[in-house]
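**Q** can you look at this prediction? I've put the sequence above it.
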Amino acid sequence: MNEVSEVRDIVVVAARGAYPIYLKYSIYFCQPGRSIRPVDRLGFYTGNEIKREFPRIIARRNDLGWDRATIQMFGASGVADDLAMASAMARILSDGVLPEGATDQLFLLTPPRHPETLVLDAPILNTSRSASGRRIAWTQGQRYLSTAVLTTNPETTDYLRLVDRPMVEDDRPPPDATNRPVRRGVKQREVSLMAGPAPSAPTGWRAQLRELHEASLAVDWETHLAALNVRLDLTGEHALSTTDVGLPPAWFNGDIEAIREGAWTLVVSLNPGKPPAGFYGDDLRRDNGWDFWRRHNEGRWWYRRFFGPLVRVAAMALGETVEAADEPHYATERMVFVELCPFASRRFALSDQTVAALARDDRGFQTAARFRRILMEEGRPALVLVNGTAAIRDAEAVDGDRLSWEQVSYQSPIVSRSDARPKRLWHMQGSYATMHGVTPVVGFPFLKKPATHNATAEIENLGLRIQAFLASMAGKAEA
């Protein structure tokens, strides 16, 4: 085929949350200062396809505040583009898509049915594969292509690769980007969902965690827990145990050896559920526990109902898009899951005061706390998510001296057609103090529950709100 040499005048962004916002409001926003070349059009990659619509960019504004004063300023200018921008911003704030006070870079776009919007016959299916044959995302940030390519109505990204050499250009961050705190909307693209194998032997703070894990193998946890259950009067489904007889607690879940400082999310929950005896069979043994829990989510033990919503919130909060098929890998290499109580149970019956006391005098709770502290202090996550109302209370009881946050309440973005009272949602947001400064921390009730962030739109709205919060914290740090 003949190569296409025309200028690449279209930017295609990873846009799981942005695409429906464009369809409704004809606008695209991302973090201020994000480097996007001057182009004529913008496209959207989400759901493993490049969407049909390529709207023309009418206006672009950087470092723009989402507030009534800005809307009034645009509305008073009398300029058509400013009036359209003011109208879109007002609707977005009114609908609760973003909280007032955020700062963004905004692109005003032609609507989907506008005559200047280029619309293909069908979306372009992503057929990209790694060398091993695994499907990979076509972009995790932004890529550029030319209008000339689209005039042929390409059906797949393989066709793009053949007809447009060198393939669409992909913006990359500078080599040291993974050592920087994650900013809103900026993808850590070197940390690919197809990242290579982790180092064979952990070093530094990772070695400290490995030593804690190895030391726990020498403890008789059955005897320890038998005494603890008697002391706390825990029986039946409330009794505490390890994952299985003869094994230490599961101190973590996620590839500690693969995460990169400033480019991952720590998730803190209350305690693990108790699986049936022998649940993991020969897959989990005393001699392979470290590696088993590192790669747990990539194998057949992936539990999408629990981990999937957390992956979506974490990725969206960091301005990233993750396809459903890539969620297990993202949970493995971009997230680490830990528990305040490392012991499993079918139901949890300990009070906040008891959890705080156990954190001071129980060996298992102390080891779990050391894991968390090392991950927080030395691993330097971009974000900490506290998962569940009980975990929020216990985190305050255990780490109240380091935790500073407040509740944010808002209406669900889903508008009910009935006369029922609007659904109210909430989360906590603030900071966790470490020796290196502060780390953003957000807590929320369990996801995918009728009274909490349940629908896809509610979960994505939570991710966008956290994204705005991270941008606000970053702006204050740079001021």
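**A** Here it is on my side, so go on. Because the structure is a prediction, the values reported are computed rather than measured.
**Q** any low-confidence regions in the chain?
**A** 1-7, 131, 162-202, 416-420, 477-479 (pLDDT under 70).
**Q** how is it divided into domains?
**A** 10-171, 204-478 (automatic domain parsing).
**Q** how about stretch 266-284: buried residues?
**A** For stretch 266-284, a neighbour-count test (16 or more other CB atoms under 10 Å) marks L266, V267, V268, S269, L270, N271, P272, K274, L284 as buried. C-betas here are computed from N, CA, C, even on glycine.
**Q** now these as CSV including secondary structure and distance to E49?
**A** Conversion of those to CSV gives the following (DSSP: H, G, I helix; E, B strand; the rest coil; distance: CB to CB, whole Å):
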residue, secondary structure, distance to E49
L266, strand, 32
V267, strand, 29
V268, strand, 35
S269, strand, 34
L270, coil, 38
N271, coil, 40
P272, coil, 37
K274, coil, 41
L284, coil, 38
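**Q** out of these, which is nearest to M335?
**A** Of all the buried residues of stretch 266-284, M335 sits closest to V267, with 6.1 Å by CB to CB.
**Q** who does the closest one bridge with?
**A** F337, L385 (DSSP bridges).
**Q** and P381, how many neighbours?
**A** By the criterion of other CB atoms under 10 Å, P381 has 27 neighbours.
**Q** is it true that it touches V441?
**A** No: applying CB atoms under 8 Å, one finds P381 not in contact with V441, separated by 9.4 Å.
**Q** against which helices or strands is the strand ranked longest in the chain packed?
**A** Identified as the longest strand of the chain according to DSSP state E is strand 424-434. Helices and strands touching strand 424-434, by 3 or more CB pairs under 8 Å, 6 or more residues apart in numbering; DSSP states H and E, are strand 403-411, strand 437-444, helix 456-478.
**Q** nearest to A80, of the ones you listed?
**A** So among these, helix 456-478 is nearest, using CB to CB, at 27.7 Å.
**Q** any buried residues in that closest one, and which?
**A** 458-475.
**Q** try stretch 389-407
**A** Using 16+ other CB under 10 Å as the test for burial, stretch 389-407 gives 389-399, 402-403, 405.
**Q** identify those among these that sit within helices.
**A** Among these, DSSP state H puts T389, A390, A391, I392, R393, D394, A395, E396, A397, V398, D399 in helices.
**Q** name the nearest residue to the second one, ignoring sequence neighbours.
**A** Right, the one you point to is A390. Spatial nearest neighbour of A390, excluding adjacent residues (CB to CB, 6 or more residues apart in numbering): L270 at 5.0 Å.
**Q** for S216, see how far away the closest residue to A455 other than its chain neighbours is.
**A** Closest residue in space to A455, ignoring its immediate chain neighbours: I414 at 5.6 Å, by CB to CB, 6+ apart. Distance of I414 to S216, given as CB to CB, to the nearest Å: 45 Å.
**Q** how about I58?
**A** Counting by CB to CB, the gap from I58 to S216 is 59 Å.
**Q** with R16 instead?
**A** Where S216 is concerned, R16 sits at a distance of 39 Å (CB to CB).
**Q** same question, L234
**A** L234 is 21 Å from S216, by CB to CB.
**Q** report how many residues lie close to A349.
**A** Here the count is done by other CB under 10 Å, and A349 has 15 residues near it.
**Q** correct me, but it touches H238?
**A** Yes: taking contacts as CB under 8 Å, A349 lies within contact range of H238: 4.2 Å.
**Q** coming back round to it: would you convert the helices and strands packed on strand 424-434 into JSON lines that also reports distance to R68?
**A** Below are the helices and strands packed on strand 424-434 laid out as JSON lines (distance: least, CB to CB, whole Å):
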{"stretch": "strand 403-411", "distance to R68": "17"}
{"stretch": "strand 437-444", "distance to R68": "25"}
{"stretch": "helix 456-478", "distance to R68": "16"}
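**Q** out of the ones you listed, which gets nearest to P112?
**A** helix 456-478 (18.7 Å).
**Q** and that closest one, what other elements does it pack with?
**A** strand 103-109, helix 304-317, strand 424-434, strand 437-444.
**Q** quick one: closest of those to M335.
**A** M335 sits nearest to helix 304-317 of all the helices and strands packed on helix 456-478, at 6.0 Å, using CB to CB.
**Q** and that closest one with helix 456-478, angle?
**A** Put simply, helix 304-317 runs at 40 degrees to helix 456-478, going by axes from the mean of the first three to the mean of the last three CA atoms, to 10 degrees.
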